[in-house]
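the following comprises the amino acid sequence and a computationally predicted model.
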Amino acid sequence: GIGGCPFAPRATGNVPTEDLVYMLNRMGIETGINIDKLIAAGDWIGEQLGHAIPAMIGKAGLFPPTELRA
C-alpha cells in the first residue's frame, strides 16, 4: 500500500499490504498472493508517484531469501 488516509493525515495504524501478506505467510496462513509480485507492484507505484512506499518488507527483503523458499 502507499499508506496514508485522506481523512486523517499522518494518522498511524495503517499496515502496508506487503507487510501484512508477509506476516500471514510466515504464520503459515495461505493468502494466495504472490509476495514477490506484490512487492514489485509497490515499488512500481512508488516510482510512478515519486513517493516512498512505507512497507518495510520491500526495504528489508524477504526472509528466508527467495532462493531458499520452497
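Done, it's in.

for stretch 40-47, which positions count as buried?
42, 46 (16 or more other CB atoms under 10 Å). To be clear about C-beta, it is placed using only N, CA and C from the backbone, and glycine gets the same treatment.

how far out from the middle of the chain is that stretch?
Offset of stretch 40-47 from its chain centre (CA atoms, centre = their mean, to the nearest Å): 10 Å.

what's the single longest helix in the chain?
helix 35-49 (DSSP state H).

mind exporting the C-alpha coordinates of it to PDB?
Taking C-alpha atoms only, helix 35-49 is exported to PDB below (Å, rounded to 0.1, in the frame of the first residue of the first chain):
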ATOM      1  CA  ILE A  35       4.600 -11.700  -2.300                       C
ATOM      2  CA  ASP A  36       7.300 -11.100  -4.900                       C
ATOM      3  CA  LYS A  37       4.800  -9.600  -7.400                       C
ATOM      4  CA  LEU A  38       3.200  -7.600  -4.600                       C
ATOM      5  CA  ILE A  39       6.500  -6.000  -3.600                       C
ATOM      6  CA  ALA A  40       7.300  -5.300  -7.200                       C
ATOM      7  CA  ALA A  41       3.900  -3.600  -7.700                       C
ATOM      8  CA  GLY A  42       4.600  -1.500  -4.600                       C
ATOM      9  CA  ASP A  43       8.000  -0.500  -5.900                       C
ATOM     10  CA  TRP A  44       6.500   0.400  -9.300                       C
ATOM     11  CA  ILE A  45       3.700   2.500  -7.900                       C
ATOM     12  CA  GLY A  46       6.200   4.300  -5.700                       C
ATOM     13  CA  GLU A  47       8.300   5.200  -8.700                       C
ATOM     14  CA  GLN A  48       5.200   6.400 -10.600                       C
ATOM     15  CA  LEU A  49       4.100   8.600  -7.800                       C
END
